[in-house]
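Enquirer: with the input below, show me the fold.
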Amino acid sequence: MPLTTTKGKQSKPRRIILYGVHGIGKSTFAAGAPNAVFLPTEDGIADIDCESFPLAESLEQVIEYLTELCTEEHDRQTLIVDTLDWLERLIWAAVERDHDVKSIEDIGYAKGYTFALKYWRQFLRQLDWLRDNKGMSCILLAHAKIERFQPPDNEPFDRYSPKMHKLASAIVQEWCDEVLFANYQTYTKTSGEGFDKTTKGIGTGQRVVHTSERPSHLAKNRAGLPETIGLSWAEYADAISF
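Expert: Next up, the predicted model:
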């Protein structure tokens, strides 16, 4: 009996995290995706012409909206969750109710964040169902934070990463096909010599998306993207090597 294998690249709906500095245009980028619907967990899309669920103020509402997408007939092609860091607050609130505490920190050292992973996995399973059965791409937006990173083979340094707890961030990043970082393009200019030597950061105002990990930021892609692209859905779609 011949092997039931396939050959070549298998094009499937994308699973994307786009995180970036405040106000750079993450939601506008995502709104350019085909036939998109927003699932908002924060009030940040009032000025964008888009289709959206009502603001989700609890994890139960998030699950309700996802279940509606899974069970109802529709032609939506892209789900946009805006944002992951506000979704995380809803997940923490669910964990706090489960354990009858006022703060997730009251559960004990790191235990609350570990309990939260149950809800993150449930969330990702629903997204997988939408991808596999409804053919929907998923864009997960997040704000950026600066974290201290301690590599095992070098000195510690600061870098940008999604504004989430490290345990949740790890499993969501592993699930995604692309982790993209949006920032303003900058370069440095050095002048003077010796004690008078100074280095200044200079911004061009151009908004770019970084697609590969560097010491300054977390990123990854599985689609052969250029190292940087402009912050527009059209440019991202053109760059996908499928």
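
Enquirer: what segments of this protein are helices?
Expert: For the chain, applying DSSP state H gives helices covering 26-31, 59-71, 84-99, 111-134, 166-175, 233-239.

Enquirer: switch those over to JSON lines; also include mean pLDDT.
Expert: Supplementary listing: these in JSON lines, determined by pLDDT from 0 to 100:
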{"stretch": "helix 26-31", "mean pLDDT": "95"}
{"stretch": "helix 59-71", "mean pLDDT": "97"}
{"stretch": "helix 84-99", "mean pLDDT": "97"}
{"stretch": "helix 111-134", "mean pLDDT": "97"}
{"stretch": "helix 166-175", "mean pLDDT": "96"}
{"stretch": "helix 233-239", "mean pLDDT": "93"}
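
Enquirer: most packed of those?
Expert: Per residue and on average, the most neighbours among the helices of the chain fall to helix 26-31, with a mean of 22 (mean count of other C-beta atoms under 10 Å). In short, each C-beta sits where N, CA and C put it, glycine included.

Enquirer: pull the residues that contact that helix.
Expert: Helix 26-31 is contacted by residues 18-20, 36, 38, 44-45, 48-50, 78, 80, 82-83, 139, 141, 182, 209, 231-233, 236 when judged by C-beta atoms under 8 Å, 6 or more residues apart in numbering.

Enquirer: same check on stretch 98-106?
Expert: 92, 95-96, 107, 112-113, 115-116.

Enquirer: report pLDDT for Cys50.
Expert: Predicted confidence (pLDDT) for Cys50: 89.

Enquirer: confirm for me that it is in contact with Leu39.
Expert: No: using C-beta atoms under 8 Å, Cys50 is not in contact with Leu39; the gap is 11.2 Å.

Enquirer: more neighbours, these two?
Expert: Ranked by neighbour count (other C-beta atoms under 10 Å), Cys50 and Leu39 place Leu39 first, with 21 against 17.

Enquirer: what residues does the more buried one make contact with?
Expert: Neighbouring residues of Leu39 by C-beta under 8 Å, 6+ apart: 52-53, 56, 62, 65-66, 79-82.

Enquirer: the same query, at a cut-off of 7 Å, please.
Expert: Applying C-beta atoms under 7 Å, 6 or more residues apart in numbering, we find Leu39 in contact with 53, 56, 62, 65, 79-81.
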